[in-house]
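Enquirer: need a 3D model of the sequence below.
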Amino acid sequence: MQRGLAAALLWLGAGFLLYALYRNRDFFHDDAYVTLRYARNLALGHGLVWNPGERVEGYSSFVATVLIALLGAAGLDWVVAARAVNLAALALLALLLGRFLAGEARRAGGSPVAAAAPVALTLAALPLAIWVLGGLESPLFALLCTASTLQVIALLRGQGGAARAAGAGVLLGISVLTRPDGGVLLGLAGLCLLAQAAARRGRGGRRLLLVVGSAALVLLPHALWRLAYYGAWLPNSVVAKTLGLPAELREGGWSYVWSFVRTPPYWPVLAAIGALLAWPSRSARWAVAYPVACVALYAGLVVCAGGDHMPALRVMVPLIPLCALVLGLGLCRVLAPEATGRALACAGLCAALALAQLGSFEPRGEDPAAWYGARIGRHIAERWPEGTLVALNTAGSTPFFAPRYRYLDMLGLNDPEIAHRRLEGVQTPWQRLPGHAKGDGRYVLERDPDVIVFGPAHGVPVGNGWFLTAFEIAHDPALAARLADRYELVREAVPGLEETAFIYYRRRGGRAP
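Expert: Residues are numbered from 1 along each chain as shown. Take a look at the predicted model:
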């Protein structure tokens with residue numbers, strides 16, 4: 001009976017995933033179009049660049065960008081390619097997690113329900129489903145974090161030899177190239193293996209060297225390539241979002257992590273319950289302690305960085321399978337094959353927790369920035385001469401849908417000059433959105449763009465310009481006079497945007513019509 005119950009739970013999780021994918025089918029985030037522009041330029045032979053001929057690393061994930069470029073070069077639609085990478089990652093994640101927990105259940109004499117329940121909850125996790133469709137790399141990063149964690153757990157248990165240690169190092173290195181946040185997990189793995197080797201008087205030191213060496217073989221060539229290609233040790237996107245910011249912009253990290261704790265199905269609470277249930281078993285302690293440490297350290301990083309403004313707890317997505325892993329380890333110790341009543345109760349609770357998510361995550365329609373930006377981009381592509389230099393804040397959808405133009409990213413994600421600027425304070429409310437703090441009014445006017453679009457994709461007058469660049473131009477008499485002298489305000493109708501005009505500043509004598 002319990003095998004049937006385990007199968008029913010997995011089918012329930014898969015069904016909930018399909019339902020979530022259908023309900024959120026129109027969601028694709030504007031920032032994901034930044035990655036798509038880089039991927040398309042790479043596939044077309046322009047290099048890994050945002051503007052052909054200008055080398056700056058504004059994408060957030062090297063691995064995801066390259067995978068999408070490969071699929072796009074093979075003829076797949078670019079949005080479909082981004083979603084396909086994430087969907088494949090989610091499927092592989094469920095398989096790895098299920099295989100590991102099934103082995104734990106067999107060794108502990110536990111029920112198959114103990115392995116199936118955490119996998120079903122992971123499949124049913126709405127943040128994972130939403131970001132499969134949203135186009136950013138969160139599901140892929142979650143897969144790599146989980147896969148590397150499982151390998152490190154085996155090493156800490158003394159299982160596997162040189163091949164497993166090398167594989168763990170490679171996975172950890174690739175996870176760092178997928179998101180720089182993976183560096184905390186690489187550091188934690190090294191510390192745990194070092195502590196174990198020290199406790200055993202050097203035994204296990206070879207595994208530590210193999211893990212660190214394999215990770216270095218992945219990361220060092222890429223770091224040297226980055227320095228040679230982009231002229232920088234750090235991605236420009238990391239600099240723009242994290243360095244040179246006032247402390248007040250990092251104050252939202254605690255509330256962001258707390259949102260993850262108190263949102264159904266309460267993943268950290270489930271992980272804590274699993275850890276308490278599994279801890280009495282000495283054989284399970286490394287398997288519990290290491291992923292719990294991963295969750296705690298990663299959450300601490302989010303607290304320090306200040307959280308995120310995107311929907312569905314995007315930054316916390318990698319912690320979902322790690323919490324499910326710890327929960328499964330605990331269930332393997334308390335759900336016996338003959339305990340049918342407990343198994344039924346566990347299955348019922350899982351179903352209830354999955355359904356409870358529906359009250360916490362509203363279905364996502366089209367991302368507003370992407371919706372407006374796509375229409376503005378298509379409008380520009382039909383009317384403006386090729387090579388026009390456009391300064392804007394919507395760095396994703398508009399440049400993607402109008403590819404034959406050059407762009408100046410006024411938020412700095414794709415501009416090193418703005419990204420490296422240090423800020424002393426916050427001037428506008430919109431700067432409090434993570435990734436939206438930077439700007440430089442003087443620098444933008446010195447670049448002499450043909451068109452400036454202040455504020456959102458469809459534009460607003462400079463006095464209502466939302467972000468720092470517009471604020472500085474509007475409140476500096478010299479900059480305001482220069483804008484008025486060199487540019488004229490244009491209000492233009494755009495098909496599909498009947499409720500608002502496209503508002504931009506056109507340089508007198510510039511390329512734009």
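Enquirer: just the strands in this protein please.
Expert: For the chain, applying DSSP state E gives strands covering 389-392, 406-409, 451-452, 487-492, 502-507.
Enquirer: just the CA atoms of the last one, as PDB, please.
Expert: The C-alpha trace of strand 502-507 is given here as PDB (Å, rounded to 0.1, in the frame of the first residue of the first chain):
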ATOM      1  CA  PHE A 502       5.900  56.800 -25.500                       C
ATOM      2  CA  ILE A 503       7.800  59.700 -23.900                       C
ATOM      3  CA  TYR A 504      11.400  60.300 -24.700                       C
ATOM      4  CA  TYR A 505      14.000  63.000 -25.300                       C
ATOM      5  CA  ARG A 506      15.400  63.200 -28.800                       C
ATOM      6  CA  ARG A 507      18.700  64.800 -29.500                       C
END
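Enquirer: any idea of the mean pLDDT in it?
Expert: In this model, strand 502-507 has a mean pLDDT of 96.
Enquirer: same for that strand, what does it pack against?
Expert: Applying 3 or more C-beta pairs under 8 Å, 6 or more residues apart in numbering; DSSP states H and E, we find strand 502-507 packed against strand 451-452, strand 487-492. Any C-beta I mention is one placed from the backbone N, CA and C, and that applies to glycine too.
Enquirer: that older thread, of all the strands of the chain, which lies closest to residue 154?
Expert: Nearest to residue 154, of all those, is strand 406-409, at 43.3 Å by C-beta to C-beta.
Enquirer: any idea which helix is longest in this protein?
Expert: helix 78-108 (DSSP state H).
Enquirer: burial measure for residue 46, as a count.
Expert: By the criterion of other C-beta atoms under 10 Å, residue 46 has 14 neighbours.
Enquirer: so what's it up against?
Expert: Shown in contact with residue 46 (C-beta atoms under 8 Å, 6 or more residues apart in numbering): 52, 53.
Enquirer: how close does it get to residue 68?
Expert: The spacing between residue 46 and residue 68, counted by C-beta to C-beta, to the nearest Å, is 15 Å.
Enquirer: just give the nearest non-adjacent residue to residue 33, would you?
Expert: In space, residue 33 comes closest to residue 396 once its chain neighbours are excluded; the distance is 3.4 Å by C-beta to C-beta, 6 or more residues apart in numbering.
Enquirer: quick check: that neighbour touching residue 31?
Expert: Yes. Residue 396 is within contact range of residue 31, at 5.4 Å (criterion: C-beta atoms under 8 Å).
Enquirer: dump the residue contacts of residue 1.
Expert: Contacts for residue 1 (C-beta under 8 Å, 6+ apart) come out as residue 340.
Enquirer: from residue 152, how far out is the residue nearest to residue 33?
Expert: 35 Å.
Enquirer: equivalent analysis for residue 357, please.
Expert: Residue 357 is 29 Å from residue 152, by C-beta to C-beta.
Enquirer: who has more neighbours out of these two?
Expert: Between residue 357 and residue 152, counted using other C-beta under 10 Å, residue 152 has the larger neighbour count: 29 against 19.
Enquirer: tell me the pLDDT at the more buried one?
Expert: So, for residue 152, pLDDT stands at 95.
Enquirer: now it: closest residue in space that isn't a chain neighbour?
Expert: residue 189 is the one closest to residue 152 (C-beta to C-beta, 6+ apart), at 4.8 Å.
Enquirer: next one: residue 327
Expert: residue 274 is the one closest to residue 327 (C-beta to C-beta, 6+ apart), at 3.7 Å.
Enquirer: could you measure from the one you found over to residue 155?
Expert: Applying C-beta to C-beta to residue 274 and residue 155 gives a distance of 21 Å.
Enquirer: the more surrounded of the two?
Expert: Counted by other C-beta under 10 Å, residue 274 and residue 155 do not tie: residue 274 has more neighbours, with 28 against 25.
Enquirer: in contact with that one: list those residues for me.
Expert: Residue 274 touches 288, 323, 326, 327, 328, 329, 330, 331, counting by C-beta under 8 Å, 6+ apart.
Enquirer: list the contacts for the first one?
Expert: Counting by C-beta under 8 Å, 6+ apart, residue 288 touches 274, 275, 278, 279, 326, 329, 330.
Enquirer: can I assume the second one is in contact with residue 330?
Expert: If I follow you right, that is residue 275. Yes. The pair residue 275 / residue 330 is scored as a contact, 6.5 Å apart, by C-beta under 8 Å.
Enquirer: between the two, who's got more neighbours?
Expert: Regarding residue 275 and residue 330, a neighbour count based on other C-beta under 10 Å identifies residue 330 as having more, with 24 against 21.
Enquirer: perfect, I'm done here.
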